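**Q** Below are the sequence and a predicted model; questions follow.
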Amino acid sequence: MKLLKHIFLTRGYLFMLLGGFIFVTVLYNTYRPLDQGLFDYRDDGVITMSHAKNLVDHGFIGVNPSGERVEGFSAPVQFWTYTLFYGLFGTHFMGFADAQTWICTFLLGFFFVGIFHKKYLLGAVMSLPVAAFISMHASFYEWHASGMENAMTHVFLMGSIYLLTRFIREGEIQLGWAVFFALAALSRLEGIYHVGALLIMFTIFYKIEYRSWRGMRLMGLTIGLWSIYHLWRFWYFGSLEPNTGVAQNISVGENLASMWKRLDYHMSTSFQHAREIMSTHGAWWLVLLIPLYPLVNWKPQTKWIFFIGMTLVITAFLNPFFFGKTRLDPTRSTTFLTPILGLILAQVLLSIPLFKKVWLTLPLAIVSGFSIYMITPTALIEPHYICCGILRYEKVADTARKFDAENNLHRINLSTPDLGKISYLKEFNITDLGLLGSPLMAELFRDKDLIQEYYLEYAAPDVIQVHQGFARDFGRMLTSSRFKEVYKPQPAERTEWLNGHAPQYPTLTEGYFVRRDLLASSRSPEWQLIQDMKANLSPARIQQELAKAVNPQRPEAHQYVVRTVYRFMPEIRDAGQWREFYDLFADTPSAQYDQAILSSHRSRRWREKAEEWLREHIGKKVQQRNERVAGSGAKLVHRDCRYRVYLNEENTLTFAWLNPNHADSTARCHFHVHIPDSAGVPRNPRLLDFTLDTNRLYHDGDEMFYQVPIPMELKPTRVKFGQHWPGQLIWEGDHNF
């Protein structure tokens, strides 16, 4: 209460307001001449708000109306804030994103000036050049206005410094503000990394200044509140790892392990990203402070601001070492660094005796700020491209709607990598090729056999839209014979991008694909079942269809029934019939998977149960297939985009090519296999070198196989293999027995 009274009942409040308006004015004039398509309404921000809309409209956190609890976002504070505004006022995501940008811009200037206690006029004056400074850094101002959580993160970190500065100055810690610090730590899921560092630095300074460890109480209470939220996450989602982490392969533990196992590679790539973060956000400005160091009057306030600001500079620099490269843009999660650097520079300059007199500070700040401001940001720095806008995604929705209307369907299952705006509509269920909104896709993606079987036989989206990198990532599946049986291109084409970036898949196309079984002309059992369910939500009709469709040897045979019930799940829930439909699948061959999918809106363990069944069942199918083509006990020992290598119990290597239609080029490939001698000495390996003979190749589905026997008497402990073109190593792998 004391702090709030100080803010609102002293003249400092007026200068803080002035600072807020200055920041808004400068940033507004920065955005005004720019193409809004550069930064407005990024799709990942809409993904967060789509989860919130789903909670309000359908009662659970996810992106699909029918089901699947999923945490496909990493900004809890923005999620809950939008949930509140959408639930109370029906606020559209565009209105919320615009309001977020300008409110947070104002608060950023408000807190900035508040840090300059008893020098509020100087703080307000310095807000002009600092606002101009941040308007020179494209990554900051574009992500700040992107509709993502960046703007909130900027405010929470600047506000945290404001509060901690007051606590240091007054010698009194108001523990109630721990709520603010907990929210700051939750502005992003990894936010505790930065906020925790601030609180540690505060605790040390408070101990030095007041010989008290009371700062530990603030830190402990903050961590306690933060932990309570994460315990709730675990209870609701069944995991502390968000699906964003699984989808993007982000794991602090794995990064630390990688740092230990592959030190040179990890350090070099992390340092490259760290250097980009520093240069993009303007950390090079700190070099200007070196010649000013002797001139600065290093009073406690100046030391505190410098060291607390440098704490965030260090955590930003180390961010890629712990969390890897940030999705969409390596600099995205550390954009707070630019205003923090502005704060450091302003505080240091004001601590030089020459700048202490207002009569000199005021004209100097105005002249320098106005001079910088008159040079537009685009004249200093090229606009920073940030992915991914939403404007083009209306065409995707229109294509799905057209397919739905022409074939008299219901709630299309649309598969697309552009999740945000499409899922926000709540017209479709989404199978996310970008993995963020589909936990099973994220978990199975790295096993190409599992993902292909799941996608084509179980998820089986009605309409697929795929482009560029996502087409390449799923290239093996999209060029398979099974995919061509199930889907019809409408339309799809081979693009120049694919020619340049996916030559390993010469028949791969990008565009739209529709499932043949759902064409009205097909009159398939699935199409007919959808018509019957549209007329009457009848459990008896589903039971009748299951009696015809269930095949104990082929669980995928009745999956169209599961998909149909899932399609109508919102209507089934509204009618109070969920349990009746759910119980119908208790005795199917894939009951564990079926019921997990149909209870995914209410079960925190649905993904775990579904994945467990899929891995066991599909894993058996894959192993049977491996043994059929490569021999008893065959194991996959090498895999890349074009080749796989199996080793069976008889020590026979089997090479599989995923593009059998290119046998001519394959015949020119030279493979070599190195086998250590019987003593296991690697210096003198036995070399088996061979050129493929197309007469010895045989086919199985989408693959072509060639077997190479290893002499049994060698008893190999390690096999090294690779493919060479003349004078060029194409790939190389090894396998330890």
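**A** Okay, I see it. Numbering: from 1, shown residues only.
**Q** low pLDDT regions in the stretch 601-737 of the chain?
**A** 639-643, 657-737 (pLDDT under 70).
**Q** And the stretch 151-300 of the chain, by the same measure?
**A** Applying pLDDT under 70 to the stretch 151-300 of the chain flags residues 250-266.
**Q** Tell me the spacing between the residue most central in space within the chain and Met219.
**A** The centre of the chain sits closest to Thr244, judged by CA atoms, centre = their mean, with a distance of 4.3 Å. The spacing between Thr244 and Met219, counted by CB to CB, to the nearest Å, is 27 Å. The C-beta positions use only the backbone N, C-alpha and C, and glycine is treated the same way.
**Q** give the contact list for the residue nearest to the centre of the chain.
**A** For Thr244, the contact set (CB atoms under 8 Å, 6 or more residues apart in numbering) comprises Glu71, Gly72, Phe73, Ser74, Leu189, Ile250, Arg327, Leu436.
**Q** Name all residues that make contact with the third one.
**A** Read it as Phe73. Asp44, Ile47, Thr48, His51, Phe79, Pro242, Thr244, Leu436.
**Q** and which of the contacts of Thr244 is nearest to His638?
**A** His638 lies nearest to Ile250 out of these, by CB to CB, at 25.9 Å.
**Q** by contact count, what packs against the one helix or strand Phe111 maps to?
**A** Assigned by DSSP states H and E, Phe111 belongs to helix 93-114. Applying 3 or more CB pairs under 8 Å, 6 or more residues apart in numbering; DSSP states H and E, one finds that helix 93-114 contacts helix 11-31, helix 43-58, helix 76-89, helix 120-134, helix 138-144, helix 150-170, helix 337-350.
**Q** Break down the chain into its strands, ranges please.
**A** Using DSSP state E, the strands of the chain run over 413-416, 429-432, 463-466, 487-493, 510-515, 635-639, 643-647, 652-657, 670-675, 686-691, 698-700, 703-709, 718-725, 728-736.
**Q** export the contacts of Thr244 to CSV and tack on distance to Leu537?
**A** As requested, those are exported to CSV (distance: CB to CB, whole Å):
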residue, distance to Leu537
Glu71, 30
Gly72, 29
Phe73, 32
Ser74, 37
Leu189, 39
Ile250, 41
Arg327, 40
Leu436, 31
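**Q** among those residues, which two are most distant?
**A** Farthest-apart pair in the contacts of Thr244 is Glu71 and Arg327; separation 15.0 Å (CB to CB).
**Q** Neighbour count for those two, which is higher?
**A** Each of Glu71 and Arg327 has its neighbours counted (other CB atoms under 10 Å); Glu71 has more, 26 against 17.
**Q** wait, what's in contact with the more buried one?
**A** Glu71 touches His51, Ile61, Arg233, Phe237, Pro242, Asn243, Thr244, counting by CB under 8 Å, 6+ apart.
**Q** ok, for it, nearest residue in space, not its chain neighbours?
**A** Leaving aside its sequence neighbours, Glu71 sits nearest to Pro242 (CB to CB, 6 or more residues apart in numbering; 4.3 Å).
**Q** I'd say that neighbour and Leu189 touch.
**A** Yes: checked against CB atoms under 8 Å, the pair Pro242 and Leu189 is within contact range at 6.1 Å.
**Q** Give me the common contacts of these two.
**A** By CB under 8 Å, 6+ apart, Pro242 and Leu189 have these common neighbours: Ser74.
**Q** Roughly how far does Glu394 sit from Ile344?
**A** Separation of Glu394 from Ile344 (CB to CB): 44 Å.
**Q** Equivalent analysis for Ala247, please.
**A** Relative to Ile344, Ala247 is positioned 35 Å away (CB to CB).
**Q** can you give me the helices for the stretch 351-500 of the chain?
**A** With DSSP state H, counting those that start in this stretch, the ranges of helices along the stretch 351-500 of the chain come out as 358-374, 377-380, 394-406, 419-424, 439-444, 448-453, 468-473, 475-478, 481-486, 496-501.
**Q** so which of those comes closest to Val179?
**A** Closest to Val179 of the helices of the stretch 351-500 of the chain is helix 419-424 (CB to CB; 29.5 Å).
**Q** Show me what that closest one packs onto, helices and strands only.
**A** If contacts are counted by 3+ CB pairs under 8 Å, 6+ apart, helix 419-424 sits against helix 43-58, helix 394-406, strand 429-432.
**Q** Centre of the chain to the second one, how far?
**A** Centroid displacement of helix 394-406 relative to its chain, using CA atoms, centre = their mean, to the nearest Å, is 27 Å.
**Q** got the CA coordinates for that helix in CSV?
**A** Extracted in CSV, the C-alpha atoms of helix 394-406 (Å, rounded to 0.1, in the frame of the first residue of the first chain):
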residue,chain,number,x,y,z
GLU,A,394,-7.8,-17.3,-45.0
LYS,A,395,-7.3,-19.3,-48.2
VAL,A,396,-6.6,-22.4,-46.2
ALA,A,397,-9.8,-22.0,-44.3
ASP,A,398,-11.8,-21.3,-47.5
THR,A,399,-10.4,-24.5,-49.1
ALA,A,400,-11.5,-26.6,-46.1
ARG,A,401,-14.9,-24.9,-46.0
LYS,A,402,-15.4,-25.6,-49.7
PHE,A,403,-14.5,-29.3,-49.3
ASP,A,404,-16.8,-29.5,-46.4
ALA,A,405,-19.8,-28.0,-48.2
GLU,A,406,-19.3,-29.9,-51.5
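**Q** Flag the shaky bits of the stretch 301-450 of the chain, pLDDT-wise.
**A** By pLDDT under 70, the weakly predicted segments of the stretch 301-450 of the chain are 354-384, 391-392.
**Q** can we see that at 90?
**A** 301-303, 320-331, 345-395, 418-421, 446-450 (pLDDT under 90).
**Q** Just give the nearest non-adjacent residue to Ile430, would you?
**A** In space, and not counting its chain neighbours, Ile430 is closest to Ser423: 5.0 Å by CB to CB, 6+ apart.
**Q** how much space between the one you found and Ser522?
**A** Applying CB to CB, the value for Ser423 to Ser522 is 27 Å.
**Q** Mind checking which of these two has more residues around it?
**A** Ser423 (30 against 14).
**Q** so who does the more buried one touch?
**A** Counting by CB under 8 Å, 6+ apart, Ser423 touches Ile47, Ser50, Asn54, Val63, Asn64, Ile430, Gly437.
**Q** If I look at the second one, what pLDDT would I see?
**A** It refers to Ser50. The model reports Ser50 with a pLDDT of 96.
**Q** Count the neighbours of it for me.
**A** The number of residues packed near Ser50 is 29, by other CB under 10 Å.
**Q** cool, and the third one?
**A** When neighbours are counted by other CB under 10 Å, Asn54 registers 24.
**Q** Ok, the fourth one next?
**A** Neighbour count of Val63, defined by other CB under 10 Å: 26.
**Q** distance of Thr335 from Gly123?
**A** Distance, Thr335 to Gly123, by CB to CB: 22 Å.
**Q** scratch that, Gln100
**A** Gln100 sits 24 Å away from Gly123, going by CB to CB.
**Q** now do Arg169
**A** For Arg169, the distance to Gly123 equals 14 Å [CB to CB].
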